[in-house]
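>>> Pasted the sequence and its predicted model underneath.
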Amino acid sequence: MHIELEVYTAEEYFSRLGNEIDWEENDDTKVSIQEADAINKILTCEASLFALRRATGTDGFQVDNMREMRRHFINAYESNFGDKYVSHNDYE
């Protein structure tokens, strides 16, 4: 299965917002590794949702649980970093 999402890494996410990740941890004008990790958790859920929705034999309960996990990570991101998560993958 090929997963076709607009954005599936934190680097792509922040690039679309005009930001870079501070991989060297020495530039406070860039996105921290911790913030990038928080976005990666959300994007991992989005890729999982994409795959679960297209897989045969899965239960809707699994999709519901993954959607709840995604919402949890979005809430944590917005709370911890003060930024609103912007989805580029048409998920709500």
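Good, I have the coordinates.

>>> Using the three-state scheme, assign residue 53.
With DSSP: H, G, I helix; E, B strand; the rest coil as the basis, residue 53 sits in helix.

>>> Name all residues that make contact with it.
Counting by CB atoms under 8 Å, 6 or more residues apart in numbering, residue 53 touches residue 63. Heads up, the C-betas are built off the backbone N, CA and C, glycines and all.

>>> could you pull out the helices for this protein?
10-16, 33-54, 60-81 (DSSP state H).

>>> what about the second one, average pLDDT?
Across helix 33-54, the average pLDDT comes to 93.

>>> And the first one, by the same measure?
Taken as a whole, helix 10-16 has a mean pLDDT of 96.

>>> Also the last one?
Regarding helix 60-81, the rounded mean pLDDT is 94.

>>> Flag every buried residue along it.
Using 16 or more other CB atoms under 10 Å as the test for burial, helix 60-81 gives 66-67, 69-70, 73-74, 77.

>>> coming back round to it: I'd like to know which of the helices of the chain lies nearest to residue 24.
With CB to CB as the criterion, residue 24 lies closest to helix 33-54 of those, at 9.6 Å.

>>> got the buried residues of helix 60-81 as JSON lines, with distance to residue 35 columns?
Converted to JSON lines, the buried residues of helix 60-81 look like this (distance: CB to CB, whole Å):
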{"residue": "66", "distance to residue 35": "22"}
{"residue": "67", "distance to residue 35": "22"}
{"residue": "69", "distance to residue 35": "19"}
{"residue": "70", "distance to residue 35": "17"}
{"residue": "73", "distance to residue 35": "12"}
{"residue": "74", "distance to residue 35": "13"}
{"residue": "77", "distance to residue 35": "8"}
